[in-house]
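Q: A structural model of the following input is requested.
(2 chains)
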Amino acid sequence: MQVPVTASSKEKTKDPKPRSLRLIYAGLILSALMLAGSGVWYIAVTGLVGLKKWDFDAYGVRPMILAVCGGALLILTLLCYFVHPALRNRSHRLALDLWKDRYRYSLILPGLIVVFVFSYMPMYGIILGFKDYKIKSGIMFSQWVGTYHFERFFRSPVAGQTIWNTFFIGITQLIITFPVPIILALLMNELRSTAFRRTIQTIIYLPHFISWVIMYSLLFSLFSITSGLVNKLLMSLGSPAINLLSDPNKFYGMLYSTSIWKEAGWGTIIYMAAIAGVDQEMYEAAYLDGANRWQQCIHITLPSIAFAITTMLILNVGSVMGANFDQIMNLRTAATQTTVAQVIDTYVYDMGVGKGQYDLSTAIGLFQQIVNCILLFVSNYVVKKMSGEGFF
Amino acid sequence: MARKAALSQNHIRRSVGDHIFNTCNIVLFILIAIVILFPFFNVFAISLTSNVEYMREPYIIWPKEPTLEAYEYIFSTSLIPRSYALTILITVAATALSTLVTSMLAYGLCRGDLHGQKFFMIYLLITMFFSGGLIPNYMNITKTLGWSNNLLALIVPNSVSVFNFIIVRSFFRQLPPSLEESARIDGASEWTILFRIIYPLSIPTLATVAMFVAVGTWNSWFSAMLYMRDEKLYPLQLIVRNFVVHEARPADMQNMEGLRDAAGNRIFLNETGLKMACAVATVLPMVIIYPFIQKYFEKGMTIGAVKG
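A: Got it, this is the predicted structure:
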């Protein structure tokens, strides 16, 4: 545990940390075991009493055995807990510290509970990806099927196309949209009038604040095949209407351009802040040495914001597979949703929520999560090797 | 920036190329501004167009006789006003809850001298990289918590965002520790310190975080689609989505055929105009509030990115 050595915490650094740390870990492990024990016991007893209809037979464990195991685990851990040194010996340093900080623990408690309930409890549901889900058995007592769902997904003809679409859209969208905010910020920095620049900033941040639902409404008002303004203009000029919204060939173009329209302006905030932090004397020195604005931009501004660019790149690469779910959900149409617009996220949604195949779509979602994590860590590693600066 | 501007303006040698570049740059940004603002203008124009004019004219930039009938109609149904109230309620509740819980968490963990500090940080950061996924989340909220058709499902689940937590925490860490120390010596409890000393000092940061949550909640439709069965509990975005994206007119608007004007003639409303009126009504609060919060979010985004 790292403690910043300040005047206030100097006396704490003398504390035998390893010992109290061990105690904390022991306490946590005991709590986890206690939780597991009470969970098993709860299931077994509610099953025995008949309160819940757990499918014990399909699971192959007798409820009586479960009840005994769970109960024993619970009682043992409870006993261990009460002979825990920190609790038995109240004068112990750790107990004192915990008591002294009780208000701060009470401050962080609601947050920790929310994270547990809404982020950690669903993780238990991931085992659904390895089970054959039956509603009456629930997640816990459905039959294990190993990697059946993964095999089923990878063997299906949809898989190849879906995975390909996901990567293709993610990577091309990253390549096409990522440089735009940087270029915009560099150009915006060259605007001489501050008032004009502020106005432009106000305008280009605006689209970030509207939802993709509204974004689709805007597109619809312009490009709807029958009533969109652009198509009406084209038709009154005698040229054929362009079918932007439901033509599979134009889908990717629509994705890229709407992404740029909506998020490029917002993306400039970070680069503008980084540019504002550049030392002005460097520009003066460069100017005296005869560097023109282009050279100043390339040799001073760009290297100065390299760290911001790296950070944003890692963040973007990490979410390359799942960043545009909202966008695709709103921009896809009947003509595109099973072909070019089918990405893993939408497939998980269609299979899970649409067709009720919870187990299959959990498995696919897990596959995507793992790939995402790998991408994030690999990109961080690569950037660290290349520039010496990683994100974490 | 000012010195740089002064330097280049006072100098005699401003080349022709410089002037051309400046002009092109300004023109480019004016074009960008038009491209961004025109769709909003167009949606607003369509929402003010009557059906007759919409059918008659080949194209409409701005209606010759603007009419508010689409707005009058959508606010005369019970669906849209109720949904408006509901969306405001959800947004306010989620924002208040999230700002409170996140800032409490950030304050408790900001000094780094709590037992288990490292564990708590890792516990929070893991959720940034890994989550249960769509279906486990769905099962958790509908089956385990039993919150389907319950507004809590739209308010509580996102109340701790680790990204916002990092923003607030890094701001709290910049405050001098002596502030808390002196208050503590005077006998103030941690809750008093947080509410009386820390909060008043960090209003810009809290406003940024509150704004992120408010915008996110106002714009969200997906969780409502998952958890709400009853159209009466739909937030605005979901109604607009069903209406515009799926072209399914809300149940409350089905009786449009029965509309009569004062003389008893049937009124035909402009269907696209109705959709666009719903969209304008949905986006309006955001556009109105947005200029006031701009100075906050620029700062907040920067803290989050640099310290992240």
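Q: the domain parsing of chain B - what is it?
A: B:2-47, B:70-307 (automatic domain parsing).
Q: would a markdown table of the ones you listed with mean neighbour count and mean pLDDT be doable?
A: Where you see a C-beta, it was placed from the backbone N, CA and C, and this is true even at glycine. Listed next are the domains of chain B as a markdown table, based on neighbours: other Cβ atoms under 10 Å in any protein chain shown; pLDDT from 0 to 100:
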| stretch | mean neighbour count | mean pLDDT |
| --- | --- | --- |
| domain B:2-47 | 14 | 80 |
| domain B:70-307 | 18 | 86 |
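Q: What parts of the stretch 151-300 of chain B come near chain A?
A: With the criterion set to Cβ under 8 Å from any Cβ of the partner chain, the stretch 151-300 of chain B comes near chain A through B:156-160, B:165, B:177, B:181, B:189-191, B:194, B:215, B:218-222, B:226, B:237, B:240-241, B:244-245, B:272, B:275-276, B:279, B:282-283, B:286-287, B:290-291, B:294, B:297-298.
Q: now, which of the residues you listed lie within helices?
A: The members of those that map onto helices under DSSP state H are B:165, B:177, B:181, B:190-191, B:215, B:218-219, B:222, B:226, B:237, B:240, B:272, B:275-276, B:279, B:282-283, B:286-287, B:290-291, B:294, B:297-298.
Q: what stretches of chain A score poorly on pLDDT?
A: Under the criterion pLDDT under 70, the flagged ranges of chain A are A:1-21, A:50-61, A:84-94, A:387-392.
Q: Got the domain ranges for it?
A: Taken from automatic domain parsing, chain A resolves into A:1-100, A:156-387.
Q: in the host helix or strand of residue A:205, what's buried?
A: Using DSSP states H and E, residue A:205 maps to helix A:194-205. Buried residues in helix A:194-205, defined by neighbour count with 16 or more other Cβ atoms under 10 Å in any protein chain shown: A:197, A:200, A:201, A:203, A:204, A:205.
Q: what does that helix contact?
A: Identification of contacts with helix A:194-205 by Cβ atoms under 8 Å, 6 or more residues apart in numbering or on different chains yields A:184, A:188, A:191, A:264-266, A:268-269, A:272, B:1, B:26, B:29, B:32-33, B:36-37, B:290-291, B:294, B:297.
Q: so how far is it off the chain centroid?
A: What separates the centre of helix A:194-205 from the centre of its chain is 30 Å, taken as Cα atoms, centre = their mean, to the nearest Å.
Q: do stretch A:136-148 as well
A: Distance, centroid of stretch A:136-148 to centroid of chain: 27 Å (Cα atoms, centre = their mean).
Q: Once you drop chain neighbours, what's closest to residue 80?
A: Just going to use chain A. residue A:30 (5.5 Å; Cβ to Cβ, 6 or more residues apart in numbering or on different chains).
Q: Can you look at chain B instead?
A: Distances taken as Cβ to Cβ, 6+ apart place residue B:74 nearest to residue B:80, at 4.7 Å, with adjacent residues excluded.
Q: Counting by contacts, list what the strand or helix carrying that neighbour packs against.
A: Using DSSP H and E, residue B:74 maps to helix B:69-76. Packing partners of helix B:69-76 (3 or more Cβ pairs under 8 Å, 6 or more residues apart in numbering or on different chains; DSSP states H and E): helix B:271-307.
Q: Show me how far the helix it packs on is from its chain's centre.
A: On the basis of Cα atoms, centre = their mean, helix B:271-307 sits 6 Å off its chain's mean C-alpha point.
Q: do stretch B:217-230 as well
A: 14 Å.
Q: now do stretch A:261-281
A: Relative to its parent chain, stretch A:261-281 has a centroid offset of 24 Å by Cα atoms, centre = their mean.
Q: buried stuff in the host helix or strand of the residue nearest to residue A:80?
A: Element membership for residue A:30 (DSSP H and E) is helix A:17-49. Within helix A:17-49, the residues that count as buried by 16+ other Cβ under 10 Å are A:20-21, A:23-24, A:27, A:30, A:33-34, A:37-38, A:40-41, A:43-45, A:47-48.
Q: so how far does stretch B:126-144 reach from one end to the other?
A: One end of stretch B:126-144 sits 22 Å from the other (Cα to Cα, to the nearest Å).
Q: wait, which of the domains of chain B is closest to residue A:355?
A: Taking Cβ to Cβ, domain B:70-307 is the member of those nearest to residue A:355, at 11.6 Å.
Q: quick one, what contacts the residue nearest to the spatial centre of chain A?
A: The residue lying closest to the centre of chain A (Cα atoms, centre = their mean) is residue A:319, at 6.9 Å. The contact partners of residue A:319, taken as Cβ under 8 Å, 6+ apart, are A:372, A:376.
Q: quick revisit: tell me which of the domains of chain A sits most buried.
A: domain A:156-387 (a mean of 18; mean count of other Cβ atoms under 10 Å in any protein chain shown).
Q: you'd agree residue B:97 is up against residue B:157?
A: No - using Cβ atoms under 8 Å, residue B:97 is not in contact with residue B:157, being 10.6 Å away.
Q: which residue is nearest the centroid of chain B?
A: residue B:215 (1.4 Å).
Q: Grab the nearest non-local neighbour of that one.
A: Here the residue nearest residue B:215, using Cβ to Cβ, 6+ apart, is residue A:209, at 5.7 Å.
Q: Hmm, the one you found is touching residue B:286, no?
A: Yes - applying Cβ under 8 Å, one finds residue A:209 in contact with residue B:286, separated by 5.0 Å.
Q: Give the residues shared as contacts by those two.
A: In contact with both residue A:209 and residue B:286: B:215, B:219, using Cβ under 8 Å, 6+ apart.
Q: show me where the stretch 51-200 of chain B has helices.
A: Remark: helices assigned in the stretch 51-200 of chain B by DSSP state H, counting those that start in this stretch are B:51-56, B:69-76, B:79-108, B:117-129, B:134-139, B:152-155, B:162-174, B:177-185, B:190-192, B:199-201.
Q: can you pull out the strands in the stretch 51-200 of chain A?
A: Taking DSSP state E, counting those that start in this stretch to define them, one finds strands in the stretch 51-200 of chain A at A:131-132, A:143-144.
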